[in-house]
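> Predicted model and sequence follow; I will ask about them next.
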Amino acid sequence: MDTTTVKVKHVKQSARKVRFVLNELRGLVVTNALNQLAISNKKAAVFIKKAIESGISNLSNKGNEFNQEDIYIKSAFVDEGPTMKRFRPRAMGRASQILKRTCHLTLTLSNKNNKE
């Protein structure tokens, strides 16, 4: 069975923004997904493309023969990561909090022949 799970941790973008791009790719063939990411102008597209290419590389290193046209995105989800808390000075000696959010991206690539 040709499946691989790829995790990209501590992506410096909020989970909500990454989910916006990822929802368009779930269930697509890898080549179509990479084509969509190439024309996307979202920052999240860079991280997702990195994960997909890593998954393809992982499958090829397992030693099994496969056609890239047969690989599809079986599951894809984003979880919230740790939030960095920063402060910004404001008027009259106050400070306001800035939350720099991160997320963890998880993709599972599988072969179409093993579609369940």
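All right, it came through fine. Numbers count the residues shown, from 1 in each chain.
> how near is Gln97 to Cys103?
Here Gln97 is placed at a distance of 19 Å from Cys103 (Cβ to Cβ, to the nearest Å). Yep, even glycine has a C-beta here, placed from its N, CA and C like the rest.
> So what does the residue located most distally from the centre of the chain have for phi and psi?
With distances taken as Cα atoms, centre = their mean, the residue sitting farthest from the centre of the chain turns out to be Met92, at 42.0 Å. Torsion angles at Met92 (phi, psi; degrees, to the nearest 10) stand at phi 60, psi 40.
> so what's it scoring on pLDDT?
The confidence metric pLDDT takes the value 96 at Met92.
> for the helix ranked longest in the chain, what is the average pLDDT?
In the chain, with assignment by DSSP state H, the single longest helix is helix 44-61. Mean pLDDT, computed over helix 44-61, is 92.
> Can you give the contact residues for that helix?
With Cβ atoms under 8 Å, 6 or more residues apart in numbering as the test, helix 44-61 has contacts from 2, 4-8, 11, 13, 17-18, 20-22, 25, 30, 33-34, 37-38, 66, 68, 71, 73, 105, 107, 109.
> ranges for the helices of this protein?
Listed in chain order, the helices of the chain (DSSP H) span 15-22, 30-39, 44-61.
> residues of the longest one that come out buried?
Think helix 44-61. 44-45, 47-49, 51-52, 54-56, 59 (16 or more other Cβ atoms under 10 Å).
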